[in-house]
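Chemist: With the input below, show me the fold.
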Amino acid sequence: MDNTAEIITSTVTMRDVLTRYHNLGRRNRCSCPIHNGKDNNFAYTDKVFHCWTCGAKGNVISFVMQMFNLNFRQALMKINIDFGLNLSLQASRQSAETQHRADEIRKVRQAEYEKKMQKECEYDRLISEFVRCDMIIRELQPKKPSDEIYDVYVRAMHKLPIIQYKLDCFE
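Modeler: The predicted structure follows:
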């Protein structure tokens, strides 16, 4: 597998890749297929390319990666199939499957992280609300029976046990 990329870059030229996936243009210049450019700002040799507009550059493998939004191993497999190289990519297939599993694990971890962050935000919101209600109760609590009872005080008194319960149940 390690030499697959070397075999591909020594066998397949930029001219081959552009003929298959885009067009050659003239004098080793054409419109950029990566950013769908209109002018001939994309220059290439047999081994490398460079777009003077979007800055894309690299070899045949990185070109396929950028053009088709593929990872390295997927690009190797695509070139191998499209150009009929018949290289043994068993390791690549396993690596692609491993990469797919790794991507799935990353997605699951990202979802877990986002869920954790949402819980932390909810916890912080509950703590803030608890502190606010507690302050209202302390400041507006009637000192004697003849003192006025404010609506905000009554609402805070009703809310506080609910918030305490939610905080107690919080995981």
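Chemist: next helix or strand past the longest helix along the chain?
Modeler: Using DSSP state H, we find that the single longest helix of the chain is helix 90-140. Under the assignment DSSP states H and E, the closest C-terminal helix or strand after helix 90-140 is helix 151-169.
Chemist: Return the set of buried residues in that next one.
Modeler: 153, 156, 159-160, 163 (16 or more other CB atoms under 10 Å). Where you see a C-beta, it was placed from the backbone N, CA and C, and this is true even at glycine.
Chemist: So what touches it?
Modeler: 123, 126-127, 129-130, 132-134, 136-137, 140-142 (CB atoms under 8 Å, 6 or more residues apart in numbering).
Chemist: Out of those, name the two that are farthest from one another.
Modeler: Greatest spatial distance among the contacts of helix 151-169 (CB to CB): Tyr123 and Pro142, at 31.6 Å.
Chemist: which one of those two has more residues nearby?
Modeler: Just comparing Tyr123 and Pro142: by other CB atoms under 10 Å the higher neighbour count belongs to Tyr123, 14 against 11.
Chemist: check contacts around that one.
Modeler: 167, 170.
Chemist: Same check on the one 4 residues further on?
Modeler: The contact partners of Ile127, by CB under 8 Å, 6+ apart, come to Leu167.
Chemist: and of the contacts of helix 151-169, the nearest to Cys54?
Modeler: Checking the contacts of helix 151-169 against Cys54 with CB to CB, the nearest one is Tyr123 at 44.5 Å.
Chemist: State the pLDDT value of the closest one.
Modeler: Tyr123 carries a pLDDT score of 91 in this model.
Chemist: What of the one 4 residues further on?
Modeler: In the prediction, the pLDDT value recorded for Ile127 is 94.
Chemist: do the same with the one 10 residues further on
Modeler: The confidence metric pLDDT takes the value 94 at Ile137.
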